[in-house]
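1. quick one, structure for this:
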Amino acid sequence: MKNIFLFIFFLFSTITFSQNLQSPDKQLELTVGVNKIGRPYYSLNYKTKPVLQTSFLGVVLKKTNTLAADFEILKTTFSTVNDSWKPVLGEQKEIQNQYNQMTVELFQRPTKRKMNVVFRLFDEGLAFRYEFPTQPELNYFVITDEVTQFALAGDHKAFWIPGDYDSQEYVYNETKLSQVDVSKLDMNNGIGMKGPMTNSRIQSPVMMKSADGLYINIFEAAVVNYPIMHLELDTTTFLMQSHLVPNAIGDKAYLQAPANSPWRTIMVSDDARKILASKMTLNLNEPSKIEDTSWIKPMKYVGIWWEMHVGKATWDYAGSQNAQMAQDAELKPTGKHGATTENTKRYIDFAAKHGFDGVLVEGWNIGWEDWFGNWKENVFDFVTAYPDFNVEEVQKYAESKGIKMIMHHETSGSVANYERRLDRAFSFMKKHNYNAVKSGYVGKIIPRGEWHDGQTMVNHFNWVVERAAEYKIMVNSHESSRPTGVHRTYPNYIAAEAARGNEFNAWSIGNPPMHETILPFTRFLGGPMDYTPGIFEIKMNHYDATKKEQVHTTLAKQLALYVTIYSPLQMAADLPENYERYPDAFQFIKDVDLDWDETKIIEAEPGDYLTIARKTKGKESWFLGTITDENARNSEITLDFLTPGKKYKATIYQDGKDAHWEKNPKAYTIKKMEVTSKTKLKLILAAGGGSAISFIPLN
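-> Numbering: from 1, shown residues only. Presented below is the predicted three-dimensional model:
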């Protein structure tokens, strides 16, 4: 008792300044202060419950004093914002932006330097960032670390992945914070290139749930000219501290005043649905910098892609699929190459027949025989096709069918090579009527020593999107740093991967059934994901009797993902012939929309289940998706989101009575019924299953 008293006495005796701020609904309360030695700190409560205890703030500068102590308060100003804006593409037609702001101007007397910390308190959480004003004593400077702390109030349940500088393609782990230990993970997980890790460093966003029912998420927004933030966790005190991804020589960020850090965000609610419904990340980004956005449109596409993952075809012309063939090897076609003119025409025909917008072709360009694993600089030139792919012929055929072609640019991690050739590549795209590109960054980065999540690469990913906008090209990046809402500023950044996608199910241990119930609480908070759902032939022994790999969902859950996973770019990822065997189930993929007026999070629990309904932009039709983890689940849904007084035809795609993600994944049933806003639907989800429903107005 005496030690506790002394600690409390010391804590309060060191505080020399504090100021409070409440969220608009007064449920969140922020306390900001500077202690006796000039260290800025903050704490956060939700409905009087502690979310973050006293947490210190600051940055470390190279070869000079840190901006973390010896501060005094010059001025504190308050402001309030309550407005709205309309996204080009999105989950709702209008987004409300409401927050209370506190700007704390700090002065470090020994160095005569100024630093501001700006706090914004939304109803769903807190955001803050560091701002470095123009000043004589701070012009060019190098940040070597942040000392931003998140002092959590308990040993929460957490959904986390390792703090790997080079990849986010990990299965999520569900443990207590005290049990986080990267060394205990099975790294035979299908990830081809792994970066540095430590036992207790994890990536943001990290989703948590406290013992008393608080949902807490730590993330960041508007990462521009700055490295990605990982989190170093003390598994005994539950203190998280920001860990910035370094560059090749160990520095973190090169800045010139005026400058600012990204926003650090803490979402909190006692209702998991509010985390998913939040648009705080988007609100913290700048408005669109593209004046004419008429060319930015949602796309539903098919493509030459899955057949390579299941082993039916190859990316390379020679058909070796080893990606490290000797450079001087004679390229003799084996008939396994997927990206041929004739095969592409087959996909174009399929897309046109079923009302799709585009066709993606991977493996069309030379270089795939020797592109991976050797840190090779000059691999792809992005303009030269293999002999069996006629760019002009494909272009004319696609145009005759009303289909857009989607370009593929795999860089093999050689960013220097890609940047040298980027304008040539984009000009080639425009010449041949491609308005969207899927970029890839598999492998170690060149410039050598850089990481996917470092400042150099963050700048590259953002710059490519900015440059693409000048050509009116939409970008879908794979193996990039995870998005942080920058697609508000550049809405042509139509989607990204930056997480463990559906393809891992084809050739690795795969994605466990709970995976898709966690992604909305983590990766999706930063932006839409090209997850590539819609796999109907679940088990890979369909292609090779010796294969044991499979997708860890039912077929009905694959349909539901088109609603629970938001993206204005959605792929029907399976092979055309597989869809043709299940035309009744395929109808949902054809019908489901991609751009929305309204989104309702009906029920949600991270790692367990999720139900979302969305209203089509400009129409009265609705679509609903519900998914579960490895546990079967019964759910009763009230359709009160439908317009009162209207009747709808509901087409329900659901798991069959004996469906199971592993034992019987393709068992499904389809039924139709008339419903209104007063109807209650009882849905039965199989283990690893789901249901997808379309609601089309009848009057």
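2. just the CA trace of stretch 542-551, in PDB.
-> C-alpha atoms of stretch 542-551 as PDB (Å, rounded to 0.1, in the frame of the first residue of the first chain):
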ATOM      1  CA  HIS A 542     -10.100 -30.700 -58.300                       C
ATOM      2  CA  TYR A 543      -7.000 -29.900 -60.400                       C
ATOM      3  CA  ASP A 544      -4.600 -32.400 -58.900                       C
ATOM      4  CA  ALA A 545      -5.700 -35.500 -56.900                       C
ATOM      5  CA  THR A 546      -2.600 -35.200 -54.800                       C
ATOM      6  CA  LYS A 547      -3.300 -31.700 -53.600                       C
ATOM      7  CA  LYS A 548      -4.600 -31.200 -50.000                       C
ATOM      8  CA  GLU A 549      -4.900 -27.400 -50.100                       C
ATOM      9  CA  GLN A 550      -8.300 -25.700 -50.100                       C
ATOM     10  CA  VAL A 551     -10.200 -22.500 -49.600                       C
END
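3. what residues sit buried inside that stretch?
-> For stretch 542-551, a neighbour-count test (16 or more other CB atoms under 10 Å) marks Tyr543, Glu549, Gln550, Val551 as buried. The way it works is simple: take the backbone N, C-alpha and C, and place the C-beta from them, glycine included.
4. now, which of these sits nearest Glu137?
-> Nearest to Glu137, judged by CB to CB, of those is Val551 at 57.8 Å.
5. and the residue nearest to Lys289 when sequence neighbours are not counted, how many neighbours?
-> Nearest non-adjacent residue to Lys289, counting by CB to CB, 6 or more residues apart in numbering: Thr489, 5.6 Å away. When neighbours are defined as other CB atoms under 10 Å, Thr489 has 20 of them.
6. do you know the pLDDT at Thr489?
-> Listed pLDDT for Thr489 reads 98.
7. for Pro110, same thing?
-> As predicted, Pro110 sits at a pLDDT of 94.
8. go ahead and confirm it touches Thr66.
-> No. Taking contacts as CB atoms under 8 Å, Pro110 lies outside contact range of Thr66: 11.0 Å.
9. of the two, who's got more company?
-> A direct count of neighbours by other CB under 10 Å for Pro110 and Thr66 places Thr66 higher, at 17 against 9.
10. name the helix or strand for the closest residue to the more buried one other than its chain neighbours, please.
-> Leaving out its chain neighbours, the residue that sits closest to Thr66 by CB to CB, 6+ apart is Val60, at 4.7 Å. Applying DSSP states H and E as the criterion places Val60 in strand 59-61.
11. what does that strand rub up against?
-> Contacting residues not belonging to strand 59-61 are listed as 66-68, 115, 130, 141-147, 261 [CB atoms under 8 Å, 6 or more residues apart in numbering].
12. just the buried ones out of these, please.
-> Thr66, Leu67, Ala68, Met115, Tyr130, Phe141, Ile143, Thr144, Asp145, Glu146, Val147, Ser261.
13. quick one: which of these sit in strands?
-> Those of the buried ones among the contacts of strand 59-61 mapping onto strands are Met115, Tyr130, Phe141, Ile143, Thr144, Asp145, Glu146, per DSSP state E.
14. what ranges do the strands span in the stretch 251-400 of the chain?
-> Ranges of strands in the stretch 251-400 of the chain, per DSSP state E, counting those that start in this stretch, are 253-256, 259-260, 263-269, 299-304, 358-361.
15. who are the packing partners of the first one?
-> Here strand 253-256 touches strand 140-146, going by 3 or more CB pairs under 8 Å, 6 or more residues apart in numbering; DSSP states H and E.
16. re the thing from before, now the buried residues of stretch 542-551 in a markdown table, with distance to Ala211 and secondary structure?
-> Shown next, in a markdown table, are the buried residues of stretch 542-551 (distance: CB to CB, whole Å; DSSP: H, G, I helix; E, B strand; the rest coil):
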| residue | distance to Ala211 | secondary structure |
| --- | --- | --- |
| Tyr543 | 46 | coil |
| Glu549 | 37 | coil |
| Gln550 | 36 | strand |
| Val551 | 34 | coil |
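17. for those, which one is nearest Phe588?
-> Val551 (16.8 Å).
18. point out where the stretch 501-650 of the chain drops to low pLDDT.
-> Scanning the stretch 501-650 of the chain for pLDDT under 70 picks out no residues.
19. please enumerate the strands of it.
-> 569-571, 596-605, 609-616, 622-628, 633-638, 648-655.
20. would you turn those strands into JSON lines with mean neighbour count and distance to Asp212?
-> Converted to JSON lines, these look like this (neighbours: other CB atoms under 10 Å; distance: least, CB to CB, whole Å):
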{"stretch": "strand 569-571", "mean neighbour count": "27", "distance to Asp212": "38"}
{"stretch": "strand 596-605", "mean neighbour count": "18", "distance to Asp212": "16"}
{"stretch": "strand 609-616", "mean neighbour count": "24", "distance to Asp212": "21"}
{"stretch": "strand 622-628", "mean neighbour count": "27", "distance to Asp212": "25"}
{"stretch": "strand 633-638", "mean neighbour count": "14", "distance to Asp212": "24"}
{"stretch": "strand 648-655", "mean neighbour count": "22", "distance to Asp212": "34"}
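21. hang on, the earlier thing: can I get the strands of the stretch 251-400 of the chain in TSV with distance to Ala351, mean neighbour count and mean pLDDT?
-> As requested, the strands of the stretch 251-400 of the chain are arranged in TSV below (distance: least, CB to CB, whole Å; neighbours: other CB atoms under 10 Å; pLDDT from 0 to 100):
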stretch	distance to Ala351	mean neighbour count	mean pLDDT
strand 253-256	44	18	98
strand 259-260	44	18	98
strand 263-269	39	25	98
strand 299-304	5	24	98
strand 358-361	5	24	98
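22. redo those strands as a markdown table? Include distance to Lys376.
-> Below are those laid out as a markdown table (distance: least, CB to CB, whole Å):
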| stretch | distance to Lys376 |
| --- | --- |
| strand 253-256 | 28 |
| strand 259-260 | 35 |
| strand 263-269 | 37 |
| strand 299-304 | 24 |
| strand 358-361 | 23 |
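23. can you tell me the SS state at Tyr170?
-> The three-state label given to Tyr170 by DSSP: H, G, I helix; E, B strand; the rest coil is coil.
24. these two touch, right, it and Pro162?
-> Yes. Using CB under 8 Å, Tyr170 is in contact with Pro162, at 6.0 Å.
25. neighbour-wise, which of those two wins?
-> Higher neighbour count among Tyr170 and Pro162: Pro162, with 24 against 21, using other CB under 10 Å.
26. that one contacts Pro196, doesn't it?
-> No. Using CB under 8 Å, Pro162 makes no contact with Pro196, being 9.9 Å away.
27. about what we covered before: mind checking which of the strands of the stretch 501-650 of the chain is nearest Arg523?
-> strand 609-616 (13.7 Å).
28. what's the angle from the closest one to strand 622-628?
-> 170 degrees (axes from the mean of the first three to the mean of the last three CA atoms, to 10 degrees).
29. strand 609-616 pairs with which strands?
-> Next to strand 609-616 in the sheet, as set by DSSP bridges, lie strand 596-605 (antiparallel), strand 622-628 (antiparallel).
30. and these: which comes nearest Thr344?
-> The minimum distance between Thr344 and the strands paired with strand 609-616 falls on strand 622-628, with 30.0 Å, by CB to CB.
31. now the angle from the closest one to strand 633-638?
-> 160 degrees.
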